[in-house]
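Student: using only what follows, build the 3D model:
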Amino acid sequence: MKVLIASAEAVPFAKVGGLADVVGSLPAALRQAGVDARVIIPGYGLIQHFKYHISRLFTFQFNHRKGNSTVEVYTCVHDGVPVYFVQCWPYFGQENSVYADWHWDMPRFVFFNQLIMATAWELRLRLGWFPDVFHVNDWHTALLPFLLADSRWKEEWRHVASVLTIHNIAYQGNSAARFLWEAAVAARLHPLIQWHNLGDNLLGIAIAYSDMVSTVSPRYATEIQYPYAGYELAGIIRDRAADLRGILNGIDTTVWNPETDPHIISRYNAASFEEQRIINKRHLQAFARLPVRDDVPVIGIVSRLTRQKGLDLAIPALWQLLADTDVQFVVLGTGDSDLEGELAWLAQNFPSKARAFLQFDAALSQHIYAGCDIFLMPSHFEPCGIGQMIAMRYGALPLVRETGGLADTVTNYDDGDADAGTGFMFQWEDSSALLATLRWALSTYYQRPKAWRRMQRRAMELDLSWTKSAQEYINLYQTAIDKRRD
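Tutor: Here you go, the predicted structure:
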């Protein structure tokens, strides 16, 4: 099975959000399972060719409705996965950021979809490699299922299937109509597109034309069928419900591994964490210029600082908690300026209890995962999320809101006879609910230390790898291929 995974981002080359983490780790798991998975992304100017041993593969001329363009295709092999980088002036090859603004991003990603089709054809001619499946991700590559359907009059494209993965349905590629002439999308549209009036919505077009649709957790697959989570696409999602699957994201457990992590001070596993993990906590406290105390619980956040992540719920709760409870708090992230300001003000008012690192720092994030006791992730919505999974892998117990992938990955603590759980969960989108759950977690930390350690061990022993999910994707690809061959 040959699968070409198309994306705007992929770790380690270009990353803004969780999409990059998935595309950076899923293909390796697929290849280990026997799938010839390859990745194609834009050849952004920011990508360091020398660092990743990227070399030019070939150049070709691409004829399109606006003229003729020279396309340069570069490649490397990362973690055993062939990756293709496509450059074409003026859209790709000179930029120093993944995204800019709607006026620039919309036409260049529409064009990128056309470049993927052309590059796939060139790979067939030059390397003898041609995909059985296009796996497209979010709105940036959402025109591919349409372009593929529009090309099936050619024998070579007839049996190539398309699978769409929705990582975050809030970002849809809206108002694209004036840019779609170049890709000839307006020539004909699927009846579902016309019925739901989504002719200028790139993600809506992909939902209609893809052979199969997936999203990144089972809970989120249910949520997006309703307007509160699916927005204007909820209706077309329901119409495609028979072809919709929720496949939980995994994490790269070779990268996120406290037993081998080169960034943390003291390495440990589920058998040794009780003795070794505390050293990382002390280091985190010292680095954050907080009192080094083994007995005080540390609450950590590593996040984009946006409303989606529930920071508007967390900040009022943390003000109250820091004012009346012996607790410490460390946050790392960047995002909305107002939330950054509120977190900075919180830290200034509690200098011996709180520290805000308003920056991007990958190494520091791993110190927080390895050193905090409670990992706070109170998202309003979360398609999957990997922060809570990394936290559990490192023995930090997540405190999350019951939504999306958070509900699918974190088991709520049961302090009864069952003695179950890997974290703490609340439901209502309210600061008081979050505060009450924080107090419950802190009470457990102080009064039931043995139960706390059992939770840590359970969390660390969870299988959070891609192994199971990769097999689910393989089954999804096969279903899509079978539809094309029927």
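
Student: what about residue 149, distance to residue 179?
Tutor: Distance, residue 149 to residue 179, using Cβ to Cβ, to the nearest Å: 19 Å. Bear in mind the C-beta positions are built from the backbone N, C-alpha and C, glycine included.

Student: chain neighbours aside, what residue packs nearest to residue 269?
Tutor: residue 259 (4.5 Å; Cβ to Cβ, 6 or more residues apart in numbering).

Student: for the one you found, which residues are in contact?
Tutor: Shown in contact with residue 259 (Cβ atoms under 8 Å, 6 or more residues apart in numbering): 267, 268, 269.

Student: break the protein down into its domains, please.
Tutor: 2-250+467-485, 273-461 (automatic domain parsing).

Student: tabulate those domains (TSV), appending mean neighbour count.
Tutor: Converted to TSV, these look like this (neighbours: other Cβ atoms under 10 Å):
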stretch	mean neighbour count
domain 2-250+467-485	19
domain 273-461	19
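
Student: can you lay out those as CSV showing distance to residue 263?
Tutor: Converted to CSV, the domains of the chain look like this (distance: least, Cβ to Cβ, whole Å):
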stretch, distance to residue 263
domain 2-250+467-485, 15
domain 273-461, 4
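
Student: in a markdown table, list those along with mean pLDDT.
Tutor: Shown next, in a markdown table, are the domains of the chain (pLDDT from 0 to 100):
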| stretch | mean pLDDT |
| --- | --- |
| domain 2-250+467-485 | 94 |
| domain 273-461 | 96 |
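
Student: still on that earlier bit, just among the contacts of residue 259, which is most surrounded?
Tutor: residue 268 (22 neighbours; other Cβ atoms under 10 Å).

Student: OK, contacts around that one?
Tutor: 258, 259, 275, 276, 277, 395.

Student: how far is stretch 25-35 from where the chain is centred?
Tutor: Remark: stretch 25-35 is offset 17 Å from the chain centroid, using Cα atoms, centre = their mean, to the nearest Å.

Student: ok, which stretches of the stretch 201-350 of the chain are strands?
Tutor: Taking DSSP state E, counting those that start in this stretch as the criterion, the stretch 201-350 of the chain carries its strands at 212-215, 244-246, 298-302, 328-332.

Student: hmm, who's touching stretch 225-237?
Tutor: 169-170, 172, 192-193, 196, 198, 201, 203-204, 207-208, 213, 220, 223-224, 238, 241, 244, 381.

Student: show the end-to-end separation of that stretch, please.
Tutor: In stretch 225-237, first residue to last residue: 6 Å (Cα to Cα, to the nearest Å).

Student: list the helices and strands the top helix by length along the chain packs on?
Tutor: Longest helix of the chain, by residue count under DSSP state H: helix 102-127. Packing partners of helix 102-127 (3 or more Cβ pairs under 8 Å, 6 or more residues apart in numbering; DSSP states H and E): strand 2-6, strand 36-42, strand 55-64, strand 67-78, strand 81-87, helix 144-150.

Student: if you set the cut-off to 7 Å instead, what comes out?
Tutor: strand 36-42, strand 55-64, strand 67-78, strand 81-87, helix 144-150 (3 or more Cβ pairs under 7 Å, 6 or more residues apart in numbering; DSSP states H and E).

Student: can you lay out the ones you listed as TSV showing distance to residue 296?
Tutor: Below are those laid out as TSV (distance: least, Cβ to Cβ, whole Å):
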stretch	distance to residue 296
strand 36-42	44
strand 55-64	52
strand 67-78	41
strand 81-87	43
helix 144-150	52
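
Student: which strand or helix spans residue 434?
Tutor: helix 431-447 (DSSP states H and E).

Student: which elements pack onto that helix?
Tutor: Checking 3+ Cβ pairs under 7 Å, 6+ apart, helix 431-447 ends up next to helix 311-324, strand 397-401, strand 424-426, helix 449-461.

Student: can you tell me what sits against the third one?
Tutor: Applying Cβ atoms under 7 Å, 6 or more residues apart in numbering, the set of residues contacting strand 424-426 from outside is 397, 399-402, 410, 412-413, 433-434, 437, 440-441.

Student: and what of stretch 282-295?
Tutor: 265, 278, 298, 328, 330, 352, 355, 367, 368, 371, 372.

Student: one step back: mind putting the strands of the stretch 201-350 of the chain in TSV, distance to residue 447 included?
Tutor: Putting these into TSV (distance: least, Cβ to Cβ, whole Å) gives the following:
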stretch	distance to residue 447
strand 212-215	39
strand 244-246	37
strand 298-302	17
strand 328-332	19
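
Student: quick one: closest of the ones you listed to residue 29.
Tutor: Residue 29 lies closest to strand 212-215 among the strands of the stretch 201-350 of the chain, at 15.1 Å (Cβ to Cβ).

Student: alpha carbons only: can I get the closest one in PDB?
Tutor: Extracted C-alpha coordinates of strand 212-215, given in PDB (Å, rounded to 0.1, in the frame of the first residue of the first chain):
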ATOM      1  CA  MET A 212     -13.300   8.400   3.800                       C
ATOM      2  CA  VAL A 213     -13.200  11.000   6.600                       C
ATOM      3  CA  SER A 214     -11.500  10.800   9.900                       C
ATOM      4  CA  THR A 215     -10.800  13.000  12.900                       C
END
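
Student: can you list the strands that that strand pairs with?
Tutor: Strand 212-215 pairs in its sheet with strand 161-166 (parallel), strand 244-246 (parallel), by DSSP bridges.

Student: could I get those strands in CSV, plus columns for distance to residue 46?
Tutor: What follows is the strands paired with strand 212-215, written out as CSV (distance: least, Cβ to Cβ, whole Å):
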stretch, distance to residue 46
strand 161-166, 24
strand 244-246, 33
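
Student: for residue 304, which of these is the nearest?
Tutor: strand 161-166 (18.4 Å).

Student: distance between the closest one and the chain's centre?
Tutor: 16 Å.

Student: any idea which helix or strand comes after it?
Tutor: In N-to-C order, the element after strand 161-166 by DSSP H and E is helix 191-195.

Student: wait, what's in contact with the nearest residue to residue 362 once chain neighbours are set aside?
Tutor: For residue 362, ignoring the flanking residues on the chain, the nearest one in space by Cβ to Cβ, 6+ apart is residue 263 at 7.9 Å. Contact criterion Cβ under 7 Å, 6+ apart gives 363, 366, 367 as the residues in contact with residue 263.
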